[in-house]
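Peer 1: pasted the sequence and its predicted model underneath.
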Amino acid sequence: MRTTMLAGLALTAVTMGCNTAMAQSGGDLSYSYLEGGVSVADFDLGGFSDNETGFSFRASADIGGGVYAQGSWDRWELGNLDTDLYKIGLGYRFNLQPNTDLFLEGSYAALEVGPFDD
């Protein structure tokens, strides 16, 4: 099995986050969560037709002092290829107002592409 691995560093700067549900309750914004998702795409491009599926898993944990850890795993089945994207990183949030944060994130990302195997 031949696998191709790509790695990189992603940096997201100056992103605003607003959580209206927390604003209504008067509490602090939370950076601890678990998230999962499924995606299905149906392509029909110039005679090429294919159905692709994938899933994702994301998590974040508030460490304290405005610092949080994050990670994710995305997997897609693209034709005869399996594609996995892994990300792990840290973030820091600045409280601007009770329901608005400014945050800075740095993540390590690795992309793995290989032949489809059941």
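Peer 2: Received, thanks. Numbers count the residues shown, from 1 in each chain.

Peer 1: rest of the way, CA atoms for contacts and neighbours
Peer 2: Fine.

Peer 1: what's near enough to touch the residue nearest to residue 54 when sequence neighbours are not counted?
Peer 2: Using Cα to Cα, 6 or more residues apart in numbering and skipping residues adjacent in sequence, the residue nearest residue 54 is residue 76, 4.1 Å away. Neighbouring residues of residue 76 by Cα atoms under 8 Å, 6 or more residues apart in numbering: 52, 53, 54, 55, 82, 83, 84.

Peer 1: closest to residue 37 among the residues you listed?
Peer 2: Of all the contacts of residue 76, residue 55 has the smallest distance to residue 37: 5.5 Å, by Cα to Cα.

Peer 1: please name the nearest non-neighbouring residue to that closest one.
Peer 2: Leaving aside its sequence neighbours, residue 55 sits nearest to residue 38 (Cα to Cα, 6+ apart; 4.2 Å).

Peer 1: which ones are touching that neighbour?
Peer 2: So residue 38 contacts 53, 54, 55, 56 (Cα under 8 Å, 6+ apart).

Peer 1: for the protein, give me the ranges with low pLDDT.
Peer 2: For the chain, the stretches flagged by pLDDT under 70 are 1-29, 43-49, 116-118.

Peer 1: that one: helices as residue ranges?
Peer 2: Assigned by DSSP state H, the chain shows helices spanning 20-25.

Peer 1: where's the residue nearest to residue 54 relative to residue 38, distance?
Peer 2: Distance of residue 76 to residue 38, computed by Cα to Cα, to the nearest Å: 10 Å.

Peer 1: where along this protein do the strands fall?
Peer 2: Assigned by DSSP state E, the chain shows strands spanning 4-18, 33-45, 48-64, 67-78, 81-97, 100-115.
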